[in-house]
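Asker: Sequence and computational prediction follow.
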Amino acid sequence: MTDDKWTGWRQATEQALYGPHGFFRREAPAAHFRTSVHASPIFARAVAELLRRVDAALGHPSELAFVDVGAGRGELLLGVLGSVPAPLAARLRPYAVERAARPDGLDARIAWTDEPPRGLPGLLFANEWLDNIPVDVAEADGTGEPRYVLVRPSDGAERLGGALSADDAAWLARWWPIAGSPGARAEIGRPRDAAWARAVASLDAGLAVAVDYAHVLASRPYYGTLTGYRAGREVPPVPDGSCDITAHVALDACGGTVVNQRQALQALGIDGRRPALALASSDPAAYVRALASATQAAELTAPGGLGDFAWLTHPVGPACAGLPSGAGPFPSALR
């Protein structure tokens, strides 16, 4: 049963997604939306290449963690485990961080936990995790004053609530200023900033990466991005447990370097260029394989599609602290 009291969006979304009868307690994410992980095994191979580079930068430690935050049913972990070379696989400690229950039959090498392990070197990778951390929504009223938006969980109806807390008002003023613009809306990303800071702090050394739908300060959407998804289709965001509730991430507020997925994957050797036609004559089977791979890479890097996902990278610890961010997607020593 849905508690139908008017409440803030953060509380309503938390209950709708992660409560005892919440959407992600019952549903596999892949049944409702298609991520880069599900689009092609090439994505997991790119992450495995990044993991290899992190391992090299850290000097090949005796144990290397790969932490998948928001692991779903472990699809990315399984793809990475199948892509890393055997010597690295022997030292690898894979962790799935997920609030849902461990899937039956999952590879026994994968540790399943609801919090990132602490104090390990390695790669922490959060693919479409931050967008599912619930946030409150603010709207500027008729005088331009930001106020909380309240929602009725049974049908998604909204009304304006009270004034913002000092902390939320300060976050909006810095990262998503809507004051003075009646009708403008914003998702208050402070809980996501805090969650990302905790995730980064869990690493002893290495690299933390978040991949998500995102926007930056120069191009915040005027009416916000809160929406719902069910069975692969966008639906009204009704927080009754019947659909995913999501909002794009103000990723620049989290710190680190932000680039698009197209740049990130190209830096890892993934591009969508077609193989040379000469290969079709000399080795038709190889040409077909290369063409299929290029087609999948093109989808992952396509402008206007998956290529527009944002990657946030954050080097951690002594081995990586002095590395410059530069204009590229990764610190130079990790390229």
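Answerer: Alright, I've got the coordinates. Numbering: from 1, shown residues only.

Asker: For residue 203, see how far away residue 71 is.
Answerer: For residue 71, the distance to residue 203 equals 16 Å [Cβ to Cβ, to the nearest Å]. The C-beta positions use only the backbone N, C-alpha and C, and glycine is treated the same way.

Asker: neighbour count winner among the two?
Answerer: Set residue 71 next to residue 203 and count neighbours by other Cβ atoms under 10 Å: residue 71 wins out with 30 against 25.

Asker: Let me know the secondary structure of the more buried one.
Answerer: coil (DSSP: H, G, I helix; E, B strand; the rest coil).

Asker: ok, and the closest non-adjacent residue to it?
Answerer: Leaving aside its chain neighbours, residue 71 sits nearest to residue 96 (3.7 Å; criterion: Cβ to Cβ, 6 or more residues apart in numbering).

Asker: need the strands for the stretch 1-150 of the chain, in chain order.
Answerer: Along the stretch 1-150 of the chain, the stretches classed as strands by DSSP state E, counting those that start in this stretch are 7-8, 64-69, 92-97, 111-113, 120-127, 136-140, 146-151.

Asker: ignore the last one, the stretch 201-335 of the chain
Answerer: Going by DSSP E, counting those that start in this stretch, the stretch 201-335 of the chain shows strands at 203-212, 214-215, 227-230, 233-235, 244-246, 249-250, 257-260, 310-316.

Asker: tell me the most buried of the ones you listed?
Answerer: Among the strands of the stretch 201-335 of the chain, strand 249-250 has the highest mean neighbour count (mean count of other Cβ atoms under 10 Å), at a mean of 27.

Asker: what residue ranges in the stretch 101-250 of the chain are flagged as low confidence?
Answerer: In the predicted model of the stretch 101-250 of the chain, no residue satisfies pLDDT under 70.

Asker: now residue 245: how far from residue 136?
Answerer: Where residue 136 is concerned, residue 245 sits at a distance of 12 Å (Cβ to Cβ).

Asker: before we move on, what about residue 68?
Answerer: From residue 68 to residue 136 the distance is 27 Å (Cβ to Cβ).

Asker: same check, this time on residue 216
Answerer: 20 Å.

Asker: swap in residue 50?
Answerer: 33 Å.

Asker: Same check on residue 16?
Answerer: Plainly put, residue 16 is 14 Å away from residue 136 if you go by Cβ to Cβ.

Asker: Between those two, tell me which one has more neighbours.
Answerer: residue 16 (27 against 24).

Asker: Return the backbone torsion pair for the residue nearest to the more buried one when sequence neighbours are not counted.
Answerer: The shortest distance from residue 16 to any non-neighbouring residue, by Cβ to Cβ, 6+ apart, is to residue 239 (3.8 Å). With angles defined as degrees, to the nearest 10, residue 239 sits at phi -80, psi 60.

Asker: swap in the one 4 residues further on?
Answerer: Here is the backbone geometry of residue 243 (degrees, to the nearest 10): phi -150, psi 160.

Asker: Contacts only, for it.
Answerer: 23, 32, 228, 229, 230, 235, 237 (Cβ atoms under 8 Å, 6 or more residues apart in numbering).

Asker: Pick the one among these closest to residue 260.
Answerer: Closest approach to residue 260 among these (Cβ to Cβ): residue 229, at 21.6 Å.

Asker: Can you name the residues bridging to that closest one?
Answerer: residue 234, residue 244 (DSSP bridges).

Asker: Appreciated, that's everything.
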